[in-house]
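K.L.:
What would the 3D arrangement of this be:
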Amino acid sequence: MLRSILLGLVVCCLGLVGFVGYRAYEFLSLPPASPGETKTVLIEPGQSFEATAKMLAAEGVVRDADGLRLLARLTDKAGKVKAGEFEVSTGWTPTQLLDFLTTSKGVQHKLAAPEGLPMRQIARLAEEAGLCSAAAFLKAASDPKLLAKYDIPAATAEGFLFPNTYLFTRKRGDDGTYVVEAMLKEFRRQAEAVWPGDKPAGKNLLAAVTLASIVEKETGVDAERPRVAGVFVNRLAKGMLLQTDPTIIYGLGEKFNGNLTRANLEDTANPYNTYVRPGLPPGPICSPGLKSLQAVAAPEAHDLYYFVATGEGEHKFSKTLDEHVNAVNKYQRGRGKK
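P.N.:
The predicted model follows:
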């Protein structure tokens with residue numbers, strides 16, 4: 001009788017071991033689906049592995065959240081899973097999944113912001129890149145705390161969103177803070193290189209970036225930028241109006257239809273109208289690139305006060321109004337320019 005009981009217990013234990021072994025084999029060797037399906041999952045910074053395992057199970061990427069937790073603990077990978085957005089497959093085994101989540105950089109979203117764009121256009125690019133809505137971007141770019149963190153001497157980040165190509169891991173929700181912050185951080189890094197040890201601050205920094213933004217819009221030729229900056233420096237020193245079209249266009253915003261009219265040039269209500277308002281406009285009109293910032297930091301010293309586009313990408317510079325008028329007649333056939 002006792003022998004029969006012991007034999008029964010042994011059979012039960014062997015059966016249990018066999019069942020557990022089969023379940024372990026099944027969990028480790030068989031993916032949830034075959035063929036697999038690609039799933040995009042998001043792991044937040046600071047998210048616990050327990051929450052991650054439950055999320056992966058809910059998405060169908062693993063069969064058993066508890067099994068994944070046990071596997072991660074045994075392989076010492078629970079604390080090595082990275083935060084970010086990942087494209088994973090339901091055709092992977094748990095071991096493949098853990099290897100991927102601990103080594104991959106995740107999905108990187110590219111934001112390519114070229115030189116010369118105003119903030120509202122950069123916001124649209126951020127939205128097109130799937131990072132945040134344009135509204136969320138503009139809200140972050142006007143956040144006083146964020147601006148103060150990077151010593152931005154203005155009410156918005158206009159002009160201080162450094163143009164570059166960025167790669168981002170998308171965040172959950174609609175918040176543009178991480179995008180704006182990355183661009184402000186890059187501006188600070190580049191500004192340190194432009195003004196090593198002597199970076200202007202406050203109103204002086206705002207004036208420098210504002211002038212650089214005008215230089216950025218006035219010429220696409222890098223070699224000309226210091227000379228253009230020198231022209232504006234000369235005009236400011238002499239109390240002359242800057243008379244630069246891009247500032248008016250910026251002030252018009254979405255109302256600009258592609259043509260500047262005499263009414264636009266004479267509009268005193270436009271705070272960015274440098275044809276009627278002396279000095280620099282209230283703030284930058286775009287994000288200037290490194291070359292324009294460098295040009296303003298070291299403008300070319302000369303006695304030039306005017307320039308006009310030659311129609312071939314460059315400009316003709318003049319010392320006097322008479323010379324300038326002749327250049328305008330030659331290159332623009334009567335179409336008035338500075």
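
K.L.:
Please, where are all the helices along the protein?
P.N.:
2-29, 49-58, 65-74, 94-103, 119-128, 134-140, 144-149, 177-194, 202-218, 225-238, 245-252, 262-265, 290-297, 321-332 (DSSP state H).

K.L.:
List the buried residues in the last one.
P.N.:
For helix 321-332, burial by neighbour count (16 or more other Cβ atoms under 10 Å) applies to 324, 327-328, 331. Every C-beta, even on glycine, is put in place using the N, C-alpha and C of the backbone.

K.L.:
quick revisit: and the helices of the chain as TSV, adding distance to F307 and mean pLDDT?
P.N.:
Putting the helices of the chain into TSV (distance: least, Cβ to Cβ, whole Å; pLDDT from 0 to 100) gives the following:
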stretch	distance to F307	mean pLDDT
helix 2-29	72	69
helix 49-58	59	94
helix 65-74	65	92
helix 94-103	55	94
helix 119-128	26	97
helix 134-140	34	98
helix 144-149	34	98
helix 177-194	23	97
helix 202-218	8	98
helix 225-238	6	98
helix 245-252	12	97
helix 262-265	18	94
helix 290-297	14	98
helix 321-332	8	92
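
K.L.:
Those into a markdown table, with extra columns for distance to G36?
P.N.:
What follows is those, written out as a markdown table (distance: least, Cβ to Cβ, whole Å):
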| stretch | distance to G36 |
| --- | --- |
| helix 2-29 | 14 |
| helix 49-58 | 13 |
| helix 65-74 | 16 |
| helix 94-103 | 10 |
| helix 119-128 | 30 |
| helix 134-140 | 34 |
| helix 144-149 | 41 |
| helix 177-194 | 31 |
| helix 202-218 | 48 |
| helix 225-238 | 53 |
| helix 245-252 | 51 |
| helix 262-265 | 59 |
| helix 290-297 | 45 |
| helix 321-332 | 63 |
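
K.L.:
Out of the ones you listed, the one nearest V81 is which?
P.N.:
Of all these, helix 94-103 sits nearest to V81, with 4.6 Å by Cβ to Cβ.

K.L.:
what does that closest one rub up against?
P.N.:
Residues outside helix 94-103 that contact it (Cβ atoms under 8 Å, 6 or more residues apart in numbering): 27-28, 43, 56, 61-62, 67-68, 71-72, 75, 77, 80-82, 86, 88, 92.

K.L.:
So K316 versus T219, what's the distance?
P.N.:
Using Cβ to Cβ, to the nearest Å, we find K316 at a distance of 12 Å from T219.

K.L.:
I meant to write A78 there.
P.N.:
56 Å.

K.L.:
same check, this time on A327
P.N.:
Here the criterion is Cβ to Cβ. By it, A327 lies 15 Å from T219.

K.L.:
re earlier: right, so of the helices of the chain, which gets closest to P271?
P.N.:
The nearest among the helices of the chain, by Cβ to Cβ, is helix 245-252 at 6.2 Å.
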